[in-house]
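Trainee: What would the 3D arrangement of this be:
(chains A and B)
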Protein chains: 2
Amino acid sequence: MQTLEVSLLDRSYPIHIGANQLASPATYEKFIAGKTVAIVTNETVAPLYLPKVRAAIGSLGKAIVEIILPDGEEHKTAASLDKIYTSMLAAKCDRKTTIVALGGGVIGDVAGYAAATYQRGIPFIQVPTTLLSQVDSSVGGKTAINHPLGKNMIGAFYQPQAVISDIDTLKTLPPREYASGLAEVVKHALIFDSDHFAELESSADALNARDTEVLTRVIAHSCKIKADVVKQDERETKDIRALLNLGHTFGHAIETEMGYGAWFHGEAVAAGCCMAAQFSEAMSGGAVIDVERVEKLFSALNLPVSPPKVAAKNLLAHMQRDKKNENGTVTLILLKRIGEAYVDRNVAEPKLLGFLERTVT
Amino acid sequence: MQTLEVSLLDRSYPIHIGANQLASPATYEKFIAGKTVAIVTNETVAPLYLPKVRAAIGSLGKAIVEIILPDGEEHKTAASLDKIYTSMLAAKCDRKTTIVALGGGVIGDVAGYAAATYQRGIPFIQVPTTLLSQVDSSVGGKTAINHPLGKNMIGAFYQPQAVISDIDTLKTLPPREYASGLAEVVKHALIFDSDHFAELESSADALNARDTEVLTRVIAHSCKIKADVVKQDERETKDIRALLNLGHTFGHAIETEMGYGAWFHGEAVAAGCCMAAQFSEAMSGGAVIDVERVEKLFSALNLPVSPPKVAAKNLLAHMQRDKKNENGTVTLILLKRIGEAYVDRNVAEPKLLGFLERTVT
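Mentor: Next up, the predicted model:
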């Protein structure tokens, strides 16, 4: 097992990464102070892991409230949130109750937001069960629900007591979902760490085989990269946390154009990172960004390296509505080289449209 | 005008107390960074003050979104909160938008909670227009809405950019509402500051006459007492912030038993403080708590000093459900003397019931 610390003054917490954690009482013991634990999970994850988690926490003598939400991004809503509140109030959960978020990114976001706001904030533990949530959404304290007028519009920055990433849960992930998580790992390396990028290149086969040792090392490294960013910019008020959006403006445009769910998030991010690399090269007037290496790694990890064939002007329209934009111009995260990214807040739209026309149609 | 600072590291902010503030652009100028301001108020306050606030902020070149909620505690709900979210999203308010909470405690709580959670937190300014909110709810960063299963059950600790307490707004308050605010002023003095208690005794006539100079001084002093507590215990994890609940366990029991709205909150707190003083004397085995002085001051300020005639066992049952209780025993804030309070986490219930039987029936 590897442990790393997210350093945020009085809000610091550890991330434990390794096999055989879920079912062990010791995993939870020192992070639960009160007598009651509310486990929030979904209908897909519950049959796989809820009995183990319930037994482990129950053996610590804690009373347990189970809250099982329907699975899927479409349930990241005020209605799911109220189901958590109502279940906890009916069970007389007080301010010392701990919430355990058992599941992927949606569960982490909704349960974390419930913890941020139940009786003005109670402790919670993230137990992410997907690769995407282990390397991305569980690190950094972003919690949220969607609103009919926009994704993630209601939320809080709220840090957990601990993140428990059990590698064993990755063994049962469907192939596309697993690969989708790897896209964020590659993205972190592309932005901040060329050595880690090289390690990923040499570990592609082991990653595809879901090797426990390699996964533990790679996830820990990827979390470390993100934790360092969060430490410098907890509330996303500076540019550095914005860099984490590499590939996301292109990627969100693809997801929106294709209809949510057609492309997995990580698939869209992979294609988006390749597009960002290509556009960076085009904008730099010939400086050397090794686009081919970027595409080769995503490809080796079973991820797409180019966008679907759609209308360029549609993608541009989606990009113009991105919430990172200020003053009406498109903001993009671009690459100087593998391992170094920058924010371009004033992208020339004719050049962007020309690029999209060459790339997607 | 008097200014005091609430010292909370990077969350510190000033409270400005005095006349002639609402209509002045300078009041708001340095606390609004973005281009858009959402003013949240209610149907009672809007006709009185919204035009002035709109004109002042508008003259700074800000775009203004107005959100007018129905008046009353029964509207401190998820539905009101969603009205704020939806109005702001429809108006494309971004993370740099500032919310101005213009009204009493309910508006401050709901609008403050909206600010805490809109796009994971945006700046807000409290403009309390009642005495109760100027001396109590606007200081300390508690925001919340009610849930069908409990009051203030959903919320956040979230500090404003500034509190603007315009004394002029107190001139139009109905007498019972004004007196109700004074109850919290007396309560702060009872818990922490015997000199201030003596000052209130000698200022009772001026307070009843709503004298601007005396009100400015008294409100500033009362806010200072509360701000010092909040500084030591921002998130209510220690006993000191619990002391602020003096009179509230008895008071909430009265409010609940009589039906919300029959007694004003401050009226119930005044009677509750007198009951706490009497019970403190009874429990101390004869030590000197000057109950008569306490009753005389509340009385001079047109506040009740004894509970209504109800069944003692009903009050006890309400007190047993108080959310401060732990491990099934009633917690009460009691007095050592005027100016010094303590937490009793293990109140002997037969003694409490005996006291209630002597007092309320």
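
Trainee: Can I get stretch A:160-172 in PDB, CA atoms only?
Mentor: Extracted in PDB, the C-alpha atoms of stretch A:160-172 (Å, rounded to 0.1, in the frame of the first residue of the first chain):
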ATOM      1  CA  PRO A 160     -12.600  14.400   3.200                       C
ATOM      2  CA  GLN A 161     -11.000  12.800   6.300                       C
ATOM      3  CA  ALA A 162      -9.300  10.300   4.000                       C
ATOM      4  CA  VAL A 163      -9.500   8.700   0.500                       C
ATOM      5  CA  ILE A 164      -9.300   4.900   0.400                       C
ATOM      6  CA  SER A 165      -8.500   3.700  -3.100                       C
ATOM      7  CA  ASP A 166      -8.700  -0.100  -3.200                       C
ATOM      8  CA  ILE A 167      -7.000  -1.400  -6.300                       C
ATOM      9  CA  ASP A 168      -9.000  -4.600  -6.200                       C
ATOM     10  CA  THR A 169     -12.200  -2.700  -7.200                       C
ATOM     11  CA  LEU A 170     -10.600  -1.900 -10.600                       C
ATOM     12  CA  LYS A 171     -10.400  -5.600 -11.500                       C
ATOM     13  CA  THR A 172     -14.100  -5.800 -12.200                       C
END
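
Trainee: what's the average pLDDT for it?
Mentor: Averaging pLDDT along stretch A:160-172 yields 96.

Trainee: Just the strands from the stretch 51-200 of chain A, written as ranges.
Mentor: Applying DSSP state E, counting those that start in this stretch to the stretch 51-200 of chain A gives strands spanning A:63-69, A:98-103, A:124-128, A:142-147, A:150-157, A:162-166.

Trainee: Ok, which of those strands comes nearest chain B?
Mentor: strand A:150-157 (4.5 Å; CB to the nearest CB). For the C-beta atoms, the positions are set from N, CA and C on the backbone; glycine is no exception.

Trainee: Is any residue of the closest one near chain B?
Mentor: Yes. Against chain B, strand A:150-157 shows contacts by CB under 8 Å from any CB of the partner chain at A:150, A:152, A:153, A:154, A:155, A:156, A:157.

Trainee: Residues contacting that strand, please?
Mentor: Contacting residues not belonging to strand A:150-157 are listed as A:78, A:109, A:113, A:116-117, A:141-147, A:234-235, A:323, B:85, B:89, B:116-121, B:156 [CB atoms under 8 Å, 6 or more residues apart in numbering or on different chains].

Trainee: Which members of the residues you listed are classed as buried?
Mentor: A:78, A:109, A:113, A:116-117, A:141-147, A:234, B:85, B:89, B:116-121, B:156 (16 or more other CB atoms under 10 Å in any protein chain shown).

Trainee: So which of the contacts of strand A:150-157 sit within helices?
Mentor: Counted as lying in helices by DSSP state H, out of these, are A:78, A:109, A:113, A:116, A:117, B:85, B:89, B:116, B:117.

Trainee: Would you mark the buried spots in the longest helix seen in chain A?
Mentor: Taking DSSP H as the criterion, chain A has its longest helix at helix A:212-232. Residues of helix A:212-232 classed as buried: A:212, A:214-231 (neighbour count, 16+ other CB under 10 Å).

Trainee: That helix: how far from the chain's middle?
Mentor: Offset of helix A:212-232 from its chain centre (CA atoms, centre = their mean, to the nearest Å): 12 Å.

Trainee: Now do that helix: which elements does it pack against?
Mentor: strand A:2-6, strand A:13-18, helix A:175-192, helix A:194-208, helix A:239-242 (3 or more CB pairs under 8 Å, 6 or more residues apart in numbering or on different chains; DSSP states H and E).

Trainee: most packed of these?
Mentor: helix A:175-192 (a mean of 24; mean count of other CB atoms under 10 Å in any protein chain shown).

Trainee: pLDDT on that helix, on average?
Mentor: Helix A:175-192 comes out at a mean pLDDT of 97.

Trainee: Also stretch A:13-23?
Mentor: The model assigns stretch A:13-23 a mean pLDDT of 96.

Trainee: Only C-alpha atoms, please: export it in PDB.
Mentor: Provided in PDB are the C-alpha atoms of stretch A:13-23 (Å, rounded to 0.1, in the frame of the first residue of the first chain):
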ATOM      1  CA  TYR A  13      -5.800  14.300   4.700                       C
ATOM      2  CA  PRO A  14      -4.200  11.000   3.500                       C
ATOM      3  CA  ILE A  15      -4.900   9.000   0.400                       C
ATOM      4  CA  HIS A  16      -4.300   5.200   0.800                       C
ATOM      5  CA  ILE A  17      -3.800   3.300  -2.400                       C
ATOM      6  CA  GLY A  18      -3.400  -0.500  -2.600                       C
ATOM      7  CA  ALA A  19      -5.100  -3.900  -2.600                       C
ATOM      8  CA  ASN A  20      -7.200  -5.500   0.200                       C
ATOM      9  CA  GLN A  21      -8.400  -2.400   1.900                       C
ATOM     10  CA  LEU A  22     -12.200  -2.400   1.600                       C
ATOM     11  CA  ALA A  23     -13.000  -5.300   3.900                       C
END
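
Trainee: Which residues outside that stretch are in contact with it?
Mentor: Contacts of stretch A:13-23 (CB under 8 Å, 6+ apart): A:1-6, A:27, A:49, A:52-53, A:55-56, A:127, A:134, A:138-139, A:159-169, A:212, A:216, A:219-220, A:223, A:227.

Trainee: circling back: kindly export the longest helix of chain A (C-alpha atoms) in CSV.
Mentor: Taking Å, rounded to 0.1, in the frame of the first residue of the first chain, the C-alpha atoms of helix A:212-232 are listed here in CSV:
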residue,chain,number,x,y,z
THR,A,212,-1.7,-4.4,-9.0
GLU,A,213,1.9,-3.3,-8.3
VAL,A,214,2.1,-1.1,-11.4
LEU,A,215,-1.4,0.3,-10.8
THR,A,216,-0.6,1.2,-7.2
ARG,A,217,2.5,3.1,-8.2
VAL,A,218,0.9,4.8,-11.2
ILE,A,219,-2.3,5.9,-9.3
ALA,A,220,-0.2,7.2,-6.4
HIS,A,221,2.0,9.2,-8.7
SER,A,222,-1.0,10.6,-10.6
CYS,A,223,-2.7,11.5,-7.3
LYS,A,224,0.5,13.2,-6.1
ILE,A,225,0.5,15.4,-9.2
LYS,A,226,-3.1,16.5,-8.7
ALA,A,227,-2.6,16.9,-4.9
ASP,A,228,0.3,19.2,-5.5
VAL,A,229,-1.9,21.4,-7.8
VAL,A,230,-4.7,21.4,-5.2
LYS,A,231,-2.3,22.4,-2.5
GLN,A,232,-1.3,25.5,-4.5
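
Trainee: of all the residues of strand A:150-157 next to chain B, which comes closest to residue A:295?
Mentor: Of all those, residue A:152 has the smallest distance to residue A:295: 29.4 Å, by CB to CB.

Trainee: and that closest one, how many neighbours does it have?
Mentor: Residues near residue A:152, counting by other CB atoms under 10 Å in any protein chain shown, number 17.

Trainee: Mind pulling the model confidence for it?
Mentor: 91.

Trainee: From residue B:120, how far off is it?
Mentor: 8 Å (CB to CB, to the nearest Å).

Trainee: Show me the common contact partners of the two, please.
Mentor: A:142, A:144.

Trainee: hmm, who's touching the lowest-mean-pLDDT helix or strand in chain A?
Mentor: Least confident helix or strand of chain A, by mean pLDDT, DSSP states H and E, is helix A:239-242 with a mean of 88. Here helix A:239-242 makes contact (CB under 8 Å, 6+ apart) with A:229, A:230, A:232, A:233, A:236, A:324, A:331, A:333, A:343.

Trainee: what's the average pLDDT for the helix or strand following that helix?
Mentor: Per DSSP states H and E, the first helix or strand lying C-terminal to helix A:239-242 is helix A:248-258. When pLDDT is averaged along helix A:248-258, the result is 93.
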